[in-house]
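**Q** Kindly generate the corresponding structure for this input.
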Amino acid sequence: MSRRNTELFSLSMLDLLTGALGAIIFLFIITPKGEGAAPAVEQQAVVYFDTLQMKIHGALPDSLLAKRNGDSLLVVLKDYKNLPKKEKSPYKVLASNEAKLPKPPPRKRASDVDKPKQVPKTKSTQPAKKTAVKKGTQQQSDSKSQQAKKESTQFKGSPPSVPAAVSFEINWADKNDNVDLIVCKDGKCVYGGKKRVKGVGQWDSGKSRNRLFGNDLRTNQEAVRQYDEIIPGRYQIYAQFKESKKNNKTATIKGLIYTKNAKSQERGEHFTRSLLITTNRFLIGTVQLKADGTYQLIKK
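**A** Presented below is the predicted three-dimensional model:
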């Protein structure tokens, strides 16, 4: 057999070179050419913990502004360092040592030495000044009494459950007792049988009748209220203990008189009465009500 001479740039060598060049071009095409860092290395969020003030501070980049609750974030803890503790300032120590040293006496001025000593003036006891002092003390006592009266008229308890300008309310302990509230003004009365009268108020209670079963759903409270505005006048407040399913002979009622004017100033007071079971009304008291919400309760 005849031997052939090996050539460097043969057909197989050219195929190998072109294949390698194509692979390099392919890798160059598919490799991303962004200038930013990889997503795993890019800063996602930065949190700082201040060990002195025990506070956490954070920095949120613009890339996380569009994130919502439930999105996953990559958190990498790179470093943790304790901040240095506060050291005592040497200036404070020097200041404390200086404070312990005795202070030098104050120097006298030449002008103070030359000045003669002044004789202290005696207090004059004139009657005009005494009367002025008496007038001042009297004015102070009058202002204190007026302030005490204002504080006594202000309502400090809990307001009615239903917001109203005026509310006359009573309540009792046992729901088996049937007690009626009647409020009258100028010969017109509001009660359970006549629930609304113009110029007097509107009756309100939890008493109602269930039409489906026919039973009586009773509560232990009744009220007569004015919702829109305060209607001044003279009101008579009555209560009547009509009947009791437990055959109770007496019932103790607790009442409330409450007003709230246009300036949201609240006034009111509570009262307690003991009623006997009877067919007659019992006069609890008379209320003289003014348009500004002030009133006077005349008890029986």
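**Q** that's a helix at residue 12, yeah?
**A** Yes: according to DSSP: H, G, I helix; E, B strand; the rest coil, residue 12 belongs to a helix.
**Q** SS state for residue 27?
**A** Classification of residue 27 using three-state DSSP returns helix.
**Q** cool, and the one 5 residues further on?
**A** Three-state assignment for residue 32 (three-state DSSP): coil.
**Q** Contacts for stretch 184-201 next, please.
**A** Around stretch 184-201, the neighbours that count as contacts under Cβ atoms under 8 Å, 6 or more residues apart in numbering are 166, 168, 180-183, 202-203, 205, 207, 222, 224-226, 231, 233-236, 238. For the C-beta atoms, the positions are set from N, CA and C on the backbone; glycine is no exception.
**Q** filter those to the buried ones?
**A** Listed as buried from those are 166, 168, 180-183, 203, 205, 207, 222, 224-226, 231, 235-236, 238; burial here means 16 or more other Cβ atoms under 10 Å.
**Q** For this protein, give me the ranges with low pLDDT.
**A** Scanning the chain with the threshold set as pLDDT under 70 gives 1-11, 33-46, 60-66, 69-105, 107-154, 206-218, 300.
**Q** can you give me the helices in it?
**A** Counting by DSSP state H, the segments of the chain that form helices are 11-30, 90-100, 110-114, 127-153.
**Q** quick one: residue 191 from residue 256, how far?
**A** Computed as Cβ to Cβ, to the nearest Å, the residue 191 to residue 256 distance reads 17 Å.
**Q** again with residue 223
**A** Applying Cβ to Cβ, the value for residue 223 to residue 256 is 8 Å.
**Q** More neighbours: which of these two?
**A** residue 223 (24 against 19; other Cβ atoms under 10 Å).
**Q** Contact partners for the residue nearest to residue 298 when sequence neighbours are not counted?
**A** Counting by Cβ to Cβ, 6 or more residues apart in numbering, residue 298 lies nearest to residue 286, which is 4.4 Å off, once chain neighbours are set aside. With contacts defined as Cβ under 8 Å, 6+ apart, the neighbours of residue 286 are 234-237, 297-298.
**Q** Which ones among those map onto strands?
**A** Judged by DSSP state E, these include 234-237, 297-298 as members of strands.
**Q** Pairing partners for the residue nearest to residue 298 in the sheet, please.
**A** For residue 286, the beta-bridge partners under DSSP bridges are residue 236, residue 298.
**Q** what do you get for residue 48?
**A** Listed by DSSP bridges, the beta-bridge partners for residue 48 are residue 57.
**Q** Check the burial of it by counting its neighbours.
**A** By other Cβ under 10 Å, the burial measure for residue 48, its neighbour count, is 10.
**Q** Near the nearest residue to residue 223 once chain neighbours are set aside, how many other residues are there?
**A** Closest residue to residue 223 apart from its sequence neighbours, by Cβ to Cβ, 6+ apart: residue 169 at 4.2 Å. With neighbours defined by other Cβ under 10 Å, the count for residue 169 comes to 24.
**Q** Check residue 287 too.
**A** Using other Cβ under 10 Å: residue 287 sits among 20 other residues.
**Q** Look up how far residue 174 lies from it.
**A** When distances are taken as Cβ to Cβ, residue 287 and residue 174 turn out to be 27 Å apart.
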